[in-house]
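Novice: missing the sequence, but the structure's below:
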């Protein structure tokens, strides 16, 4: 197999060296935003995955926190 | 490999998955998914694979204790995933109970379902506070017996879910009580109007008689 070199985070890594990839940390995923949802919707047809996620039915971090605050501040009857 | 630690990983994932399925089934606002637990599970998987890569001698140049360290981190991520889902589910249940009980007065609820104020409300309030406090703890997996902790919260959430399910069949009793109170209210209102009219007529009659007796 031809060796392919790639640059990743300032380091040169051999692309077919999956063992090195195991030792590396996964990239951090930022907060889920409306942009995340719109990108997901654009690409939904290309990938298999959760139905709700592919339909954009995902809570953004902001909406979830707002809902959480609203529900916890509502007094129980 | 430490089988006890692996068993802990399995149990934590199982509990988180159980609550995740319940949360997805009970979601009422737009049937949306909450992805935060999934991100924690992704991180947990990465740590588990790292541990197994050393166990299976795929990677050989790691320091001693690497397996245990990664399994501990996997447990930490799964513990956080559990409490993220527990938070989501506790908010859902609180919302569902609020919407269910909102149309009924305190008197109606106390008469038909006295356990609501005695048990259900205190449990939900305590659960919401506990979960918020635990989620804000930085070193989330530092707790001594995390499985016991997780099992305790799973049983509390399930008992609140059972409580909610027990309230649903009582809707007809709540409505019947509400109708009865409304009829009683209308009857009282009619009686008051009639008594008021009679008093006015009596007053007019007395006034007329008094004016007749004047010289």
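Specialist: Looks like it arrived, so ask away. Since we're looking at a predicted model, the values are computed, not measured. Numbering: from 1, shown residues only, chains lettered A, B, ... in the order given.

Novice: please name the nearest non-neighbouring residue to residue A:31.
Specialist: residue A:61 (3.9 Å; C-beta to C-beta, 6 or more residues apart in numbering or on different chains). C-beta here means a position set from N, CA and C on the backbone, and glycine is covered the same way.

Novice: what's the local residue count around the one you found?
Specialist: Applying other C-beta atoms under 10 Å in any protein chain shown, we find 15 residues neighbouring residue A:61.

Novice: quick check: it touching residue A:34?
Specialist: No: here residue A:61 does not reach residue A:34: they are 10.5 Å apart, not a contact under C-beta atoms under 8 Å.

Novice: what residues does chain B put near chain A?
Specialist: Residues of chain B lying close to chain A by C-beta under 8 Å from any C-beta of the partner chain are B:24, B:29-36, B:39, B:42-43, B:46, B:49-50, B:53, B:58-59, B:87-88, B:91, B:94-95, B:97-98, B:101-102, B:104, B:106, B:109, B:121, B:124-125, B:128, B:132.

Novice: buried sites along the lengthiest helix in chain A?
Specialist: The longest helix of chain A (DSSP state H) is helix A:61-73. Residues of helix A:61-73 classed as buried: A:63, A:64, A:67, A:68, A:71 (neighbour count, 16 or more other C-beta atoms under 10 Å in any protein chain shown).

Novice: check these against chain B, which are close?
Specialist: Restricting those to those near chain B by C-beta under 8 Å from any C-beta leaves A:64, A:67, A:68, A:71.

Novice: find the nearest non-adjacent residue to the third one, please.
Specialist: Spelled out, it's residue A:68. With C-beta to C-beta, 6+ apart as the criterion, residue A:68 has its nearest non-adjacent residue at 5.6 Å, and that residue is residue B:91.

Novice: quick one, phi psi at the spatially most central residue of chain A?
Specialist: Central residue of chain A (C-alpha atoms, centre = their mean): residue A:29, 5.4 Å from the mean position. With angles defined as degrees, to the nearest 10, residue A:29 sits at phi -100, psi 130.

Novice: many thanks, have a good one.
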